[in-house]
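*Asks:* Quick check, what structure comes out for this input:
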Amino acid sequence: MNHLVKTLGALLLAASLPLYAAGDPEAGRAKAAACAGCHGADGNSKVPTFPILAGQHADYLLQALKDYKSGKRKNAIMQGQVAALSEEDMANLAAWFASQKGLRSIDAVH
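*Replies:* Predicted coordinates:
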């Protein structure tokens, strides 16, 4: 019985991972207020020195945030911004910016 419970628990966890990894855009929207000063409210920065996040692939954005947090990517401002973010926060932010019209929608026009 104990083995069955552990197996069932593992299967339920595995089934929920893609949902967690995808992130919640609305939760990300709430967290994105801190990003707006540099990247714009919807991720479409008006300043050429700050990257456009809107429409970028969520997996790319999530990896970039993780890399800033770990120190693999170096940027003092970004490292400070992500220091207190959880993995869920980062997935939510990635989902929010990926859901916005931006880079991929621009590419589709050209």
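*Asks:* continuing past the one helix or strand in the chain whose mean pLDDT sits lowest, what's the next helix or strand?
*Replies:* Ranked by mean pLDDT, DSSP states H and E, the weakest helix or strand in the chain is helix 2-22, scoring a mean of 53. Scanning forward in sequence from helix 2-22 by DSSP states H and E, the next helix or strand is helix 25-31.
*Asks:* if I read this right, residue 66 contacts residue 90, doesn't it?
*Replies:* Yes: when contacts are counted by Cβ atoms under 8 Å, residue 66 is listed as touching residue 90 (6.5 Å). Using the backbone N, CA and C atoms, a C-beta is placed for each residue, glycine as well.
*Asks:* out of the two, which sits in the more crowded spot?
*Replies:* Applying other Cβ atoms under 10 Å to residue 66 and residue 90 shows that residue 90 carries more neighbours, namely 22 against 17.
*Asks:* Next one, pLDDT for the more buried one please.
*Replies:* At residue 90, the model reports a pLDDT of 98.
*Asks:* helix, strand or coil for residue 72?
*Replies:* Of the three states, residue 72 takes coil under DSSP: H, G, I helix; E, B strand; the rest coil.
*Asks:* residues in contact with the closest residue to it other than its chain neighbours?
*Replies:* Nearest residue to residue 72, sequence neighbours excluded (Cβ to Cβ, 6 or more residues apart in numbering): residue 66, at 8.0 Å. Residues near residue 66 by Cβ atoms under 8 Å, 6 or more residues apart in numbering: 72, 87, 90.
*Asks:* got TSV for the residues you listed, with distance to residue 48 too?
*Replies:* Converted to TSV, the contacts of residue 66 look like this (distance: Cβ to Cβ, whole Å):
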residue	distance to residue 48
72	25
87	31
90	25
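*Asks:* Among these, pick out the one closest to residue 80, please.
*Replies:* residue 90 (14.5 Å; Cβ to Cβ).
*Asks:* Reduced to three states, what does that closest one come out as?
*Replies:* On the basis of three-state DSSP, residue 90 is classed as helix.
*Asks:* and if you look at residue 55?
*Replies:* Assignment for residue 55 (three-state DSSP): coil.
*Asks:* Okay then, goodbye and thanks.
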